[in-house]
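Asks: coords please:
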Amino acid sequence: MATLNIKANADFTGEVMDFVDTELMQHNFPADLRPEILIAVEEVFVNIASYAYESTEEGYVNMTVTVNDKAVIRFEDSGSPFDPLESDDPDLDAPVMERKLGGLGIHFVKSLMDEVEYIYAKNKNILTISKNISIQDRVE
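Replies: Residues are numbered from 1 along each chain as shown. Below you'll find the predicted structure:
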């Protein structure tokens with residue numbers, strides 16, 4: 001398991017992406033699945049950086065990456081409580097100009113990942129995303 005504690009600022013998105021991708025590569029996670037994970041990681045981190053903390057408050061995101069038969073990425077922040085999984089999925093059949101704003105990013109995350117879980121505990125938002133692989137899909 002690898003950890004990263006980083007300022008919740010979109011300027012650090014590249015560092016977050018490099019951290020996750022490095023862990024995936026070090027554990028021989030299948031190359032064809034890494035882009036899906038990285039898209040989800042970027043979406044989650046940018047949302048935390050953009051919305052979790054008041055504009056005058058400096059916040060951090062603690063991340064862990066665990067890779068075995070699946071990749072598990074956990075985001076923990078002490079920003080305002082927010083369960084992204086409670087949001088309604090966007091109406092993708094509605095004309096673009098008639099769609100409600102928001103919700104598309106978490107929809108992508110849920111579509112790309114095999115599991116997405118949220119809890120609020122000890123004054124922290126904890127969002128965990130995971131992507132499964134089978135043993136035969138592992139690149140050695």
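
Asks: could you use CA atoms for every contact and neighbour count after this?
Replies: Will do.

Asks: what count of nearby residues applies to E54?
Replies: 11 (other CA atoms under 10 Å).

Asks: packing partners of whichever helix in the chain runs longest?
Replies: When the chain is parsed with DSSP state H, its longest helix is helix 34-51. If contacts are counted by 3 or more CA pairs under 8 Å, 6 or more residues apart in numbering; DSSP states H and E, helix 34-51 sits against helix 13-26, strand 70-77, helix 104-112.

Asks: could you redo the last one with a cut-off of 7 Å?
Replies: Packing partners of helix 34-51 (3 or more CA pairs under 7 Å, 6 or more residues apart in numbering; DSSP states H and E): helix 13-26, helix 104-112.

Asks: which of the ones you listed sits most buried?
Replies: helix 104-112 (a mean of 18; mean count of other CA atoms under 10 Å).

Asks: beyond the worst-scoring helix or strand of the chain on mean pLDDT, next helix or strand please.
Replies: When each helix and strand of the chain is scored by mean pLDDT, DSSP states H and E, helix 104-112 comes last, with a mean of 82. Along the chain past helix 104-112, the next helix or strand (assigned with DSSP states H and E) turns out to be strand 115-121.
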